[in-house]
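Student: My questions concern the predicted model and sequence given below.
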Amino acid sequence: MLLRILAVTDLWHPTVNGTVRMIEQIDRQLEIMGHEVVVIGPRRFQTIPFPGDSEVIVALSPEKTIGPMMLAARPDAIHLWTAGPVGVAARNILGRRNIPFTSSYVTKSPEYMQARFGVPMAKTFATLHVFHKISRCLMVPSDGIIDELKARGFGNNLRLWQAGTDAELFRPREKGFLDLPRPIHLNVGRVTIEKNLEAFLRLDLPGSKLVVGDGPERARLQKQFPAVHFVGVKQGEELAKYYAAADVFVFPSRTDTLGLVMMESLAAGVPVAAFPVTGPNEVIADGGAGVLDEDLGKAIEAARKIDPAHCRAYAMRFSWARSARDFLANLAPLKGSVAAQERPGDAPDLLN
């Protein structure tokens, strides 16, 4: 049965990050299956730049107009990707009317809010607890995050939902794309304080260090580490070439729920070096495609010895098609909804 799915998110174009790429991939796979996805993102409203990070936009007063938008979508199921202003506005409407929805926990916002603004994690977790409490299913990308949320008092609606990777785009290629001294140590992602990039950049490593991405910390880090190659945001084929040309992918973050960039690197045949924390623990596990160590330098040195073919083979277990099927199975259909092709002329009056 084909569905029209309403996806509500505070992170959407033009922002470039892992969450946006994740939503894009899930939407793409759902549409391949024949489902229709309607996205309500922050650009549907008046916006301002996120404090300290102008590349991220924040919706202003979405609660004033989001109700009619949700009604116009005529959804069969509703998923709230984020707990920002847009997600909260949607959640409040759905909660007041006892309309079922699902939600997800794909960013460690308590850690981010503490790192950037000094907001105590307990305060952010309390807000998230209220947000997700009435969700029919809170989708979480790893067992480690499920354990962390349970320890914080989250309920029985937690469900494991693993992300995937695009193994067609991210694949082994010729290394000659980059003309830099080898070995080339790569990091891809937002250049923000919570990504802990300094733990990588201050290491004394042979060859070259390369950072693909942008963010509010870039100017400071470029000045502090002039030998590091910062190339800004890359996407699509160009991004895939950067991955494949590297020798080791270095992931110094301690605050990610999973880390899509690690899976993309492995798909390109590039081993991963990271700290043994939630995210890397789930992606690398005991598969031998990367090395986890509290001494990041040691992890990098050991990762250089890993067979690229093994990394590629290991990454093939991460499928966006499977991820989308699991996502679909977790959704909570609205009462009275029917498949899109069977829908009667008048949409159910869900939001009034």
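Tutor: Nice, thanks for sending it over.
Student: which helix in this structure runs the most residues?
Tutor: Taking DSSP state H as the assignment, the helix of the chain that covers the most residues is helix 18-32.
Student: Residues touching that one, excluding its own?
Tutor: 5, 7, 9, 11-13, 37, 39, 81-82, 106-107, 163-164, 166, 189, 256, 258-261, 320-321, 323-324, 327-328 (CB atoms under 8 Å, 6 or more residues apart in numbering). Placement of C-beta: from N, CA and C, glycine included.
Student: can we see that at 6 Å?
Tutor: The contact list for helix 18-32, computed with CB atoms under 6 Å, 6 or more residues apart in numbering, reads 9, 11, 37, 81, 106-107, 163, 260, 320-321, 324, 327.
Student: Can you list which of the residues you listed are found in strands?
Tutor: Using DSSP state E, the members of the contacts of helix 18-32 that fall within strands are residue 37.
Student: quick one: which of the contacts of helix 18-32 is nearest to residue 301?
Tutor: Ranked by distance to residue 301 (CB to CB), those are led by residue 260 at 24.9 Å.
Student: That closest one: neighbour count?
Tutor: 26 (other CB atoms under 10 Å).
Student: can you pull out the strands in the stretch 51-200 of the chain?
Tutor: Using DSSP state E, counting those that start in this stretch, the strands of the stretch 51-200 of the chain run over residues 53-59, 77-80, 102-104, 138-140, 158-160, 184-188.
Student: I'd like the ones you listed as JSON lines, with mean neighbour count and distance to residue 209 appended.
Tutor: Shown next, in JSON lines, are the strands of the stretch 51-200 of the chain (neighbours: other CB atoms under 10 Å; distance: least, CB to CB, whole Å):
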{"stretch": "strand 53-59", "mean neighbour count": "19", "distance to residue 209": "22"}
{"stretch": "strand 77-80", "mean neighbour count": "25", "distance to residue 209": "38"}
{"stretch": "strand 102-104", "mean neighbour count": "26", "distance to residue 209": "33"}
{"stretch": "strand 138-140", "mean neighbour count": "24", "distance to residue 209": "32"}
{"stretch": "strand 158-160", "mean neighbour count": "16", "distance to residue 209": "35"}
{"stretch": "strand 184-188", "mean neighbour count": "24", "distance to residue 209": "5"}
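Student: bridging residues for residue 209?
Tutor: residue 185 (DSSP bridges).
Student: pretty sure it is touching residue 226, no?
Tutor: No - using CB atoms under 6 Å as the test, residue 209 is too far from residue 226 to be in contact (11.1 Å).
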